[in-house]
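Trainee: The following block contains a protein sequence and its predicted model.
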Amino acid sequence: MSLKVDHLKKVQLLLEAGSAPGERDLTPAPRSLDFICGAASTGMSPFEYQLIGKTAGEHLELSIPASRLSETMAHLLMPLRKVFDGAAIPPVLELSVTIEAISEPTPREIIRALAEATNAGGCGVDCDCGCGGH
């Protein structure tokens, strides 16, 4: 039986992004994003809720207005920005998401994810996320 995306599962995604539907102009090749689902103290982000119940190989196409990106991604905003190497976010981000793998994380990975999610409240870099941690 294959695992499904759920709370505290390790999720590996392949992401592609563009500035218009069908475009992949923000990512020259698929980019990987790995995280522990639901590790933030505020609970799951709207993005994580979109993934719940999905299995490896499933695919999503999301259109996220830039004005809602922070709310949609929550604690995953900084990792997402790193995936895109600081590319400017268009007015509407067209995000192609493929679930590459789902696994059981080690206790150490869960603790690290909790710490990183807590740190997202003040990332300490010029992230433009509104965290005030600069």
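Mentor: That came through, no problem.
Trainee: Could you use CA atoms for every contact and neighbour count after this?
Mentor: Noted.
Trainee: element containing the closest residue to G22 other than its chain neighbours, please.
Mentor: Leaving aside its sequence neighbours, G22 sits nearest to E94 (Cα to Cα, 6 or more residues apart in numbering; 7.8 Å). For E94, the host element (DSSP states H and E) is strand 92-103.
Trainee: Any buried residues in the helix or strand just after that strand, and which?
Mentor: Sequence order places helix 107-119 as the next helix or strand after strand 92-103, per DSSP H and E. Buried residues in helix 107-119, counted by 16 or more other Cα atoms under 10 Å: 110, 113-114, 116-118.
Trainee: just stretch 45-60 next, same as before
Mentor: Buried residues in stretch 45-60 (16+ other Cα under 10 Å): 45, 47-48, 51, 54-56, 59.
Trainee: Using CSV, please lay out these together with secondary structure, pLDDT and distance to D34.
Mentor: What follows is these, written out as CSV (DSSP: H, G, I helix; E, B strand; the rest coil; pLDDT from 0 to 100; distance: Cα to Cα, whole Å):
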residue, secondary structure, pLDDT, distance to D34
S45, coil, 94, 15
F47, helix, 97, 13
E48, helix, 97, 12
L51, helix, 98, 13
K54, coil, 98, 15
T55, strand, 98, 15
A56, coil, 97, 13
H59, strand, 97, 16
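Trainee: now for the residues you listed, which pair is the farthest apart?
Mentor: Spanning the widest gap among the buried residues of stretch 45-60 are S45 and A56, at 19.6 Å by Cα to Cα.
Trainee: shaky segments in this protein?
Mentor: Low-confidence segments of the chain, defined by pLDDT under 70: 1, 119-134.
Trainee: show me the residues around the residue nearest to G22 that make contact.
Mentor: 17-23, 61-64 (Cα atoms under 8 Å, 6 or more residues apart in numbering).
Trainee: Show me the beta-bridge partners of it.
Mentor: G18, S63 (DSSP bridges).
Trainee: what about it, distance to C37?
Mentor: 22 Å (Cα to Cα, to the nearest Å).
Trainee: Contact partners for the residue lying closest to P90 once chain neighbours are set aside?
Mentor: What sits nearest to P90 in space, not counting adjacent residues and going by Cα to Cα, 6+ apart, is S19, at 5.5 Å. S19 sits next to 25-26, 89-94 when contact means Cα under 8 Å, 6+ apart.
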